[in-house]
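*Asks:* make a model of this:
(2 chains)
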Protein chains: 2
Amino acid sequence: MTSSDKPDPAEDTPDTPAAPTGIAALDWTAASAEPQYRAAVVDLLGALAYGELAAFERLAEDAKLAPTLADKAELAKMASAEFHHFERLRDRLAEIGEEPTAAMEPFVAAYEGFHKQTAPSGWLEGLVKAYVGDSIASDFYREVAVRLDSDTRALMLTVLDDTGHGGFAVEKVRSAIDADPRLGGRLALWARRLMGEALSQSQRVVADRDALSTMLVGGVADGFDLAEVGRMFSRITEAHTKRMAALGLAA
Amino acid sequence: MTSSDKPDPAEDTPDTPAAPTGIAALDWTAASAEPQYRAAVVDLLGALAYGELAAFERLAEDAKLAPTLADKAELAKMASAEFHHFERLRDRLAEIGEEPTAAMEPFVAAYEGFHKQTAPSGWLEGLVKAYVGDSIASDFYREVAVRLDSDTRALMLTVLDDTGHGGFAVEKVRSAIDADPRLGGRLALWARRLMGEALSQSQRVVADRDALSTMLVGGVADGFDLAEVGRMFSRITEAHTKRMAALGLAA
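*Replies:* Down below sits the predicted model:
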């Protein structure tokens, strides 16, 4: 069984997986028998859960910058959607016998660092940040998800469902740039800073978390070696560039 | 039909209402034929909707002050519940052909004034504020709801359902006071300031909104004369006093 929905020549391996590449064909009960795999998934769920909670806070904060009540309500809606994602991840951690707070704690500093370094100075910067941040995070978790056991994968794909940021942010930012083209350059710089800061915090997390990085660089999950990590980062960066172009920004 | 669930000697009026006292027996279609009643309900829905959106923002803000991740998640949950109440009220305004933003705008200044005057200086002040503010608002809207048409009443009672603030705030504040009894005096002062500010902003709203105040002082709704408004404020103040005692505070 191959769960990837992207055509990738590197993946046309036969359907009879060797031990480490077979995790995507297993469910959680079978896959989590391997302690290191289990620890890596707990890390992923914890990181994603805290990310959702931090996104809730960030969007609620940005709602204050909204120029109209309708815009404020739109941001509040996104924040609330992130909170419900958080609930599902937290409940899942509890379900597999992990203390959710303990699973999230290791990632607090990285998210706080990211948000501290990238506090938006206004409504449009906030929108670009919501859009860029969620898109990058979503791309990353989707890439990882296809290599996880079927239960964890299903949960991740559910919580990564679009919360409506994309369309709303693109529409608002594009019309602002249409009205004042000079905004484009400033926001493009901002988007680059966001991407740089996200990468730097991710590196910090990977360096700190053994189980997670071992999984990422090919220890226990399905076909994830160092070269593949490189390709994954290329795909995420390319997707970012395309999104910025769609937004009217040169990335 | 009497919808009040409180025994009140002043309310043992016969079951055959005169024209203005009959609104509680009508549904929205019948009741809203009276333009002034309609305008008053639009005001109430608008005020309540913006109140929920402001509560969302306030709770999301307070979540940042939470001492633990679990407390933060609890506040975020409450904020999200308020947002869903907001959605229902906004959708109802749209359903009866009103522009939700226009219905909310007249109340923005009062809520902003209230929140500006009562920015909590810490986690416990935030919890007390969430608890006091929601309780007073909930008491007020429940008092008004029993005098409204059946459709509006049902909606209001639904959105005023406890969002879990009560138990959580009481537990946290009581245990903080147990640990440091001097906190009691400071938080009691804070609760008094909240009540005073809430009353002063309410008066401002009532003074500004003709249809609403006419309804409150007995024009169009069921049995709501000036004396009754006085009794209503007494009941709300008494309930506040009891809640503060339950919290370990002298009100």
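*Asks:* which residue would you name as the spatial centre of chain A?
*Replies:* Ranked by distance to the mean C-alpha position of chain A (CA atoms, centre = their mean), the top residue is residue A:137 at 1.7 Å.
*Asks:* surely it meets residue A:50?
*Replies:* No. Applying CB atoms under 8 Å as the test, residue A:137 and residue A:50 come out as separate, 11.5 Å apart. All C-beta atoms are positioned from the backbone trio N, CA, C, and that covers glycine.
*Asks:* before we move on, which element is the residue nearest to the centre of chain A in?
*Replies:* Following DSSP states H and E, the helix or strand that holds residue A:137 is helix A:123-145.
*Asks:* for the helix or strand just after that helix, which positions count as buried?
*Replies:* Per DSSP H and E, the first helix or strand lying C-terminal to helix A:123-145 is helix A:150-159. Within helix A:150-159, the residues that qualify as buried are A:150, A:151, A:152, A:153, A:155, A:156, A:159, counting by 16 or more other CB atoms under 10 Å in any protein chain shown.
*Asks:* and which of those residues is nearest chain B?
*Replies:* For chain B, the nearest member of these is residue A:159. The distance, counting by CB to the nearest CB, is 14.7 Å.
*Asks:* check contacts around the closest one.
*Replies:* A:48, A:52, A:85, A:88, A:89 (CB atoms under 8 Å, 6 or more residues apart in numbering or on different chains).
*Asks:* how about the residue of chain A found nearest chain B, what does it touch?
*Replies:* With CB to the nearest CB, the shortest gap between chain A and chain B falls at residue A:60, namely 3.2 Å. Counting by CB under 8 Å, 6+ apart, residue A:60 touches A:75, A:76, A:79, B:56, B:57, B:60, B:61, B:63, B:79.
*Asks:* what about the third one, helix or strand, and which?
*Replies:* The secondary structure element spanning residue A:79 is helix A:69-95 (assigned by DSSP H and E).
*Asks:* average pLDDT across that helix?
*Replies:* For helix A:69-95, the per-residue pLDDT values average out at 94.
*Asks:* that helix packs against which elements?
*Replies:* Taking 3 or more CB pairs under 8 Å, 6 or more residues apart in numbering or on different chains; DSSP states H and E as the contact definition, the neighbouring helices and strands of helix A:69-95 are helix A:35-63, helix A:100-117, helix A:123-145, helix A:150-159, helix A:165-179, helix B:35-63, helix B:69-95, helix B:100-117.
*Asks:* before we move on, back to that, neighbour count for the contacts of residue A:159 - can I get that in CSV?
*Replies:* As requested, these are arranged in CSV below (neighbours: other CB atoms under 10 Å in any protein chain shown):
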residue, neighbour count
A:48, 26
A:52, 26
A:85, 22
A:88, 17
A:89, 26
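*Asks:* possible to save those residues as TSV with distance to residue B:240?
*Replies:* Below are the contacts of residue A:159 laid out as TSV (distance: CB to CB, whole Å):
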residue	distance to residue B:240
A:48	42
A:52	36
A:85	37
A:88	37
A:89	38
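*Asks:* out of those residues, what pair is the most spread apart?
*Replies:* Maximum pairwise distance among those (CB to CB): 9.9 Å, between A:48 and A:88.
*Asks:* what does chain A put close to chain B?
*Replies:* Residues of chain A that fall close to chain B, judged by CB under 8 Å from any CB of the partner chain: A:50, A:53, A:56-57, A:60-61, A:63-64, A:68-70, A:72-73, A:76-77, A:79-80, A:83-84, A:86-87, A:90, A:100-101, A:104-105, A:108.
*Asks:* just the buried ones from these?
*Replies:* Burial of the residues of chain A next to chain B was assessed by neighbour count (16+ other CB under 10 Å); the buried members are A:50, A:53, A:56-57, A:60-61, A:63, A:69, A:72-73, A:76-77, A:79-80, A:83, A:86-87, A:90, A:100-101, A:104, A:108.
*Asks:* low pLDDT regions in the stretch 101-250 of chain A?
*Replies:* Of all residues in the stretch 101-250 of chain A, those with pLDDT under 70 make up the ranges A:162-165, A:216-226, A:250.
*Asks:* make it 50
*Replies:* Screening the stretch 101-250 of chain A residue by residue with the criterion pLDDT under 50, one finds the ranges A:220, A:223.
*Asks:* I'd say residue A:131 and residue A:172 touch.
*Replies:* No. Taking CB under 8 Å as the contact criterion, residue A:131 and residue A:172 are not neighbours in contact, 9.6 Å apart.
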